[in-house]
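sequence first, then the predicted structure:
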Amino acid sequence: MRRTPVVASRVLSETTGFAVSLKCENLQRTGSFKPRGAYNRIANLSPEERAAGVVAASAGNHAQGVAWSATELGIKSTVFMPTGAPLPKLVATKAYGAQVHLHGSTVDEALVAAREFADRTGAVLVHPFDHEDVVAGQGTVGLEILEQLPEVGTILVPTGGGGLIAGVAAAVKAVRPQVRIVGVQAETAAAWPASLAAGKPTALASMSTMADGIAVGCPGEVPFAEVAAHVDAVVTVSEEALSKALLLCLERAKLIVEPAGVAAVAALMTCSPEELGLTGPVCAVLSGGNIDPLLLTHVISHGLRAAGRFLGVHITIDDRPGALVSLLEVVRANGASVVDVIHSRTGGELALDEVEVFLTVETRGPDNKAELLTAFDRAGYAVRLQN
């Protein structure tokens, strides 16, 4: 297990007015915090349980954490993954030593198969968050933060099933109860606010988010008790905020972080210090960095658009020589750069003498984007923004 670094973030410090540091669990073994809990759970098994091996169900980080931990401890591991699991995570899980079975289209369906396997073979099911040993293992993140940032005032933690934030909160509050612990969820997959209000884990009817690592429909019973007792607040962030946070980590901190892993950064970028109740210094946990390269490309594009640096427009022009050049001259004159041009004469609503142009443009930021749209309008172009 690695003692992951804590690095200062000048841009977030300037944004919030507090000294902000990042706890880089994306640099942990297997690319996330998951081995901490998995290793602790497996290490505490009896000799008889170890002989039967362990089994887990996961589409990514937990699968890799269990596979690596079991191999380190000389124990056989089996992992059930949904058929649509990202290829890099599937390959990595196998490389860490697990026997992988693809089953079902969701993690819940894979979990059914994992439970059946455990009942049939005697293998111990290692749950991703709903076990005392798992929560205790994740708590080492909090203990390291206290050692690396002794004066820390607020810790923000990406929150899914609750294992990580429960462990961090319990460990930190036991040593320094004055430290504020804030959980962060994707607003389209936020089971914790309703659960805390109800006083018990409450399942979501549906959820959809790019942050698959924290997309958990119902909190765990074990983490719930710790979160209810020790966590000061849980806030939510938008998909747009997640993509902008991922882009910031990539550009300014030179860190590759998955959408779930940047939730705490997204909160610092979009929530006011008063809403978060910040007291400094502040530490944001980057919980993981396992992201499919294809998804990374998509999220970067989404983040550029959200930051006003990427603009997609549909514009109808006359079908005559020089018309496209005139349109592109407006882009050039306003200091933007053309990324892509699609020139079509076959649109259903086009007249015989019209052409539809789809432009993808890189701007210098929100102000330049607004200037360019104003310039299009002044030049007489009717612009339809890409959804």
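Arrived safely, thanks for sending. Numbers count the residues shown, from 1 in each chain.

tell me where the stretch 251-387 of the chain has helices.
Taking DSSP state H, counting those that start in this stretch, the helices of the stretch 251-387 of the chain run over residues 263-270, 273-276, 293-306, 323-333, 366-378.

return the member of the ones you listed having the minimum mean pLDDT.
Mean pLDDT is lowest for helix 293-306 among the helices of the stretch 251-387 of the chain, at a mean of 78.

state the pLDDT value of residue 203.
Looking at residue 203, its pLDDT reads 92.

got a list of what it touches?
Residue 203 makes contacts with 191, 217-218, as judged by Cβ atoms under 8 Å, 6 or more residues apart in numbering. In short, each C-beta sits where N, CA and C put it, glycine included.

measure residue 121 to residue 55 for me?
Per Cβ to Cβ, to the nearest Å, residue 121 is found 8 Å from residue 55.

out of those two, which sits in the more crowded spot?
residue 55 (28 against 13; other Cβ atoms under 10 Å).

so what's the residue count around the residue lying closest to residue 30 once chain neighbours are set aside?
Nearest non-adjacent residue to residue 30, counting by Cβ to Cβ, 6 or more residues apart in numbering: residue 64, 4.0 Å away. The tally of other residues near residue 64 (other Cβ under 10 Å) stands at 29.

for the regular element (helix or strand) spanning residue 64, packing partners?
Element membership for residue 64, per DSSP states H and E: helix 61-72. With contacts taken as 3 or more Cβ pairs under 8 Å, 6 or more residues apart in numbering; DSSP states H and E, helix 61-72 sits against helix 34-43, strand 54-57, strand 77-81, helix 87-95.

mind listing what's buried in that helix?
Using 16 or more other Cβ atoms under 10 Å as the test for burial, helix 61-72 gives 61-70, 72.

go on, stretch 13-28?
13, 15-16, 18-28.

so which of those residues belong to strands?
20-24 (DSSP state E).

now the two most distant members of the residues you listed.
20 and 24 (13.2 Å; Cβ to Cβ).

so what's residue 159 closest to, chain neighbours aside?
Nearest non-adjacent residue to residue 159 (Cβ to Cβ, 6+ apart): residue 183, at 3.7 Å.

and the one you found, what does it touch?
Contacts of residue 183 (Cβ under 8 Å, 6+ apart): 156-159, 165, 192, 227, 231, 233-235.

tell me which element residue 155 falls in.
Assessed by DSSP H and E, residue 155 sits inside strand 154-158.

do residue 185 as well
strand 180-186.

pLDDT of that strand, averaged?
Averaging pLDDT along strand 180-186 gives 98.

repeat that for stretch 340-357.
Averaging pLDDT along stretch 340-357 yields 81.
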